[in-house]
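**Q** Predicted model, plus sequence, below.
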Amino acid sequence: MEKAKLLIRTPAGRPFEFLLDAPVTTIGRSAGCDLTLESAYISRRHARIECAGSKHVIVDEKSKNGVFLNGKKITKPQPVGLGDEIRIGDISMVYAPVKPEDESTDLLPDADVAEGTPIRLDPTTWEVWIEERRLEMRLSLQEFALLSFLCGRGGRICERDELGDAVWGAGNWDLNMLHRLVHRLREKVEPDSSHPRYVVNVPGVGYRLQSPGCD
């Protein structure tokens with residue numbers, strides 16, 4: 001089987017990639033899924049993509065809102081081909097081949113990440129490195145999008161409106177959603193989430209990424 005990946009586009013239009021490098025990839029809202037998509041339109045365990053001979057097959061896991069392949073709701077397991085569009089809730093993704101450069105063993109910083117930040121992201125594997133330490137817990141799509149946006153600012157302040165719009169798209173979020181997402185992100189990346197070291201609050205404005213030892 002040729003290696004493949006998902007080219008994911010959030011409601012805000014931000015692109016991300018996810019390698020299909022396991023026999024089965026579970027997709028849903030639950031943190032226990034391989035690909036976690038935090039959305040009210042997505043079931044806790046919404047779908048799975050599994051290897052079936054020389055192909056990948058997508059299966060609806062009895063989700064509430066269904067799985068759509070090239071615009072049609074699937075009613076049974078369906079093979080997925082290159083260029084096919086998969087829609088789960090309000091998230092769309094395209095099944096694509098893995099190119100040789102995608103398999104580089106070098107740590108590839110996200111194109112938005114500025115040098116000198118304490119956190120680096122690998123957009124191909126979704127790995128997060130904090131001061132040379134690889135984060136063991138996998139981030140959800142929305143957590144990764146939020147952290148990527150903060151890293152791209154290189155320590156500059158990100159206003160709440162631009163953060164929310166970058167993750168969910170304009171008009172698709174509220175402050176409680178943003179606060180909860182920041183809290184979940186801190187639970188994963190901070191040594192002590194009650195005393196944030198990296199993702200810090202700027203009262204009345206928003207958040208910024210802080211380097212250790214900086215005020």
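**A** Everything's here; your move.
**Q** Just want the most central residue of this structure.
**A** Centre of the chain computed as the mean C-alpha position; nearest residue by C-alpha atoms, centre = their mean is Leu141, 1.9 Å away.
**Q** in this protein, what secondary structure element scores lowest on mean pLDDT?
**A** strand 119-122 (a mean of 87; mean pLDDT, DSSP states H and E).
**Q** so what does it touch, helix or strand wise?
**A** Here strand 119-122 touches strand 127-130, helix 141-152, going by 3 or more C-beta pairs under 8 Å, 6 or more residues apart in numbering; DSSP states H and E. All C-beta atoms are positioned from the backbone trio N, CA, C, and that covers glycine.
**Q** Quickly list the domain ranges of this protein.
**A** According to the TED database, the chain comprises the domains 4-97, 119-209.
**Q** between those, which gets the lowest average pLDDT?
**A** Mean pLDDT per stretch puts domain 119-209 lowest among the domains of the chain, at a mean of 92.
**Q** what's the straight distance from one end of that domain to the other?
**A** 9 Å (C-alpha to C-alpha, to the nearest Å).
**Q** Show residues contacting the helix or strand harbouring Arg180.
**A** Assigned by DSSP states H and E, Arg180 belongs to helix 175-189. With C-beta atoms under 8 Å, 6 or more residues apart in numbering as the test, helix 175-189 has contacts from 38, 119, 128, 130, 135, 137, 139-140, 142-143, 146-147, 160, 163-164, 167-168, 193, 196, 198-199, 207.
**Q** which of those residues count as buried?
**A** 38, 119, 128, 130, 135, 139-140, 142-143, 146-147, 160, 163-164, 167-168, 193, 196, 198-199, 207 (16 or more other C-beta atoms under 10 Å).
**Q** Could you identify the helix or strand that succeeds the helix holding Arg180?
**A** strand 199-202.
**Q** Same question for that next one: list its buried residues.
**A** Val199, Val200.
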